[in-house]
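>>> Predicted model and sequence below, questions to follow.
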Amino acid sequence: MSDYILDVRGLSGGYDTTQIFSDISLQIAEGESIGIFGPNGHGKTTFLKTLSGLIDPWAGDIFFSGQRMNREGERGSRRWRNFNYDAVTRRRIDPKAVARAGLIHVQQGNLLFPELTVDETLSIATTAAHGRKGWSLPEVHALFPRLHERGSHKIRFLSGGERQMVSMAAGLMAAPKLLILDEPTLGLSPKVRQELCDAILSVRKLGLPIVLIDQDVAFLEQIIDTLYLFDHGRFSGRMEKEEMPDHQTLMEMLFGEAH
């Protein structure tokens with residue numbers, strides 16, 4: 001039995017005929033959390049979507065909690081004219097199976113159903129737990145008191161920060177064994193950003209492993225054990241928490257001194 005909760009081997013992927021990342025290997029031990037730092041548009045989000053099954057991998061292997069998540073082998077060609085690959089080929093990974101296994105992905109952006117209330121959204125989230133014990137409604141209310149006040153409000157009437165709180169609360173109620181957070185504080189005001197940062201830190205202190213993308217190095221340093229630099233569709237560096245430099249130095253490592 002592997003000691004890794006997530007074991008990614010030679011993973012490649014992208015959209016349609018455009019490859020975004022290639023030959024990525026990543027191992028995360030039980031109880032470990034990692035951060036991914038890099039420029040926008042270089043494939044970080046696409047990589048995470050592939051891990052959680054939202055996008056089919058092109059090649060490579062994803063093992064989670066000792067279970068293979070994707071079919072073996074490389075995907076077929078999409079290059080033939082007038083040929084709909086997806087119509088005749090079943091998906092190489094099932095996102096429902098990934099969620100049921102406990103790999104829960106809180107995506108970047110506002111992807112909630114706007115006409116549902118906060119309480120309705122959170123009640124649906126528990127169906128992904130698949131028999132595992134996730135966070136209860138009182139527990140997420142304690143983490144995000146504002147959600148208790150907004151329980152009967154439709155998602156479309158919430159602020160951006162409140163919607164992000166709902167997204168993260170839903171992820172916790174899905175009983176994650178590993179929680180992926182893709183830039184959870186992007187675009188938020190400093191006050192709300194700090195609220196989200198404090199909440200994520202509280203979750204991490206409870207021992208839940210996290211994969212976190214964020215542009216705030218000081219925040220990453222509080223959460224993670226290991227930082228990976230992501231550049232042009234690949235990992236270009238790896239460092240332990242105690243080796244992490246400041247934001248300026250990381251930017252120079254990625255772009256050079258004249259960035």
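Yep, that arrived.
>>> Which positions in stretch 232-240 come out as buried?
Neighbour-count burial for stretch 232-240, counted by 16 or more other CB atoms under 10 Å, picks out Gly233, Phe235, Met239. In this view, the C-beta of every residue, glycine as well, is placed from N, C-alpha and C.
>>> scratch that, stretch 106-126
Buried-residue list, stretch 106-126, by 16+ other CB under 10 Å: Val106, Gln107, Gln108, Leu112, Leu116, Thr117, Val118, Asp119, Thr121, Leu122, Ala125, Thr126.
>>> send the alpha carbons of stretch 126-145 over as PDB?
Output of stretch 126-145 as PDB, limited to C-alpha atoms (Å, rounded to 0.1, in the frame of the first residue of the first chain):
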ATOM      1  CA  THR A 126     -23.200  16.300   1.400                       C
ATOM      2  CA  THR A 127     -24.200  13.800  -1.400                       C
ATOM      3  CA  ALA A 128     -20.500  13.800  -2.500                       C
ATOM      4  CA  ALA A 129     -19.400  12.400   0.900                       C
ATOM      5  CA  HIS A 130     -20.400   8.900  -0.200                       C
ATOM      6  CA  GLY A 131     -20.800   7.600   3.300                       C
ATOM      7  CA  ARG A 132     -17.800   9.500   4.800                       C
ATOM      8  CA  LYS A 133     -18.300  11.900   7.700                       C
ATOM      9  CA  GLY A 134     -17.900  15.400   6.400                       C
ATOM     10  CA  TRP A 135     -18.300  18.700   8.100                       C
ATOM     11  CA  SER A 136     -21.700  19.400   9.600                       C
ATOM     12  CA  LEU A 137     -23.700  22.500   9.000                       C
ATOM     13  CA  PRO A 138     -23.000  23.800  12.500                       C
ATOM     14  CA  GLU A 139     -19.300  23.300  11.900                       C
ATOM     15  CA  VAL A 140     -19.200  25.300   8.700                       C
ATOM     16  CA  HIS A 141     -21.300  28.000  10.300                       C
ATOM     17  CA  ALA A 142     -18.700  28.200  13.100                       C
ATOM     18  CA  LEU A 143     -16.000  28.600  10.400                       C
ATOM     19  CA  PHE A 144     -18.100  31.100   8.300                       C
ATOM     20  CA  PRO A 145     -20.700  32.800  10.600                       C
END
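>>> and for whichever strand or helix holds Thr50, what are the contacting residues?
Thr50 is part of helix 44-51, with elements assigned from DSSP states H and E. Contact partners of helix 44-51, identified using CB atoms under 8 Å, 6 or more residues apart in numbering, comprise 6, 8, 11, 13-15, 20-21, 24, 36, 38, 55-57, 62, 93, 98, 103, 105, 107-108, 180, 182, 211, 213, 230.
>>> Among those, which ones are in strands?
Using DSSP state E, 6, 8, 11, 13-15, 20-21, 24, 36, 62, 103, 105, 180, 182, 211, 213, 230 are the members of the contacts of helix 44-51 that sit in strands.
>>> ChimeraX command for the buried members of those residues?
In ChimeraX, a selection of the buried entries from these looks like this (16+ other CB under 10 Å):
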select :6,8,11,13,14,20,21,24,36,62,103,105,180,182,211,213,230
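>>> What are the neighbouring residues in contact with the residue nearest the centre of the chain?
The structure's the chain has its C-alpha centroid closest to Ile180; by CA atoms, centre = their mean the separation is 2.8 Å. When contacts are counted by CB under 8 Å, 6+ apart, Ile180 is found next to Leu48, Leu51, Ser52, Leu103, Ile104, His105, Val106, Ile210, Val211.
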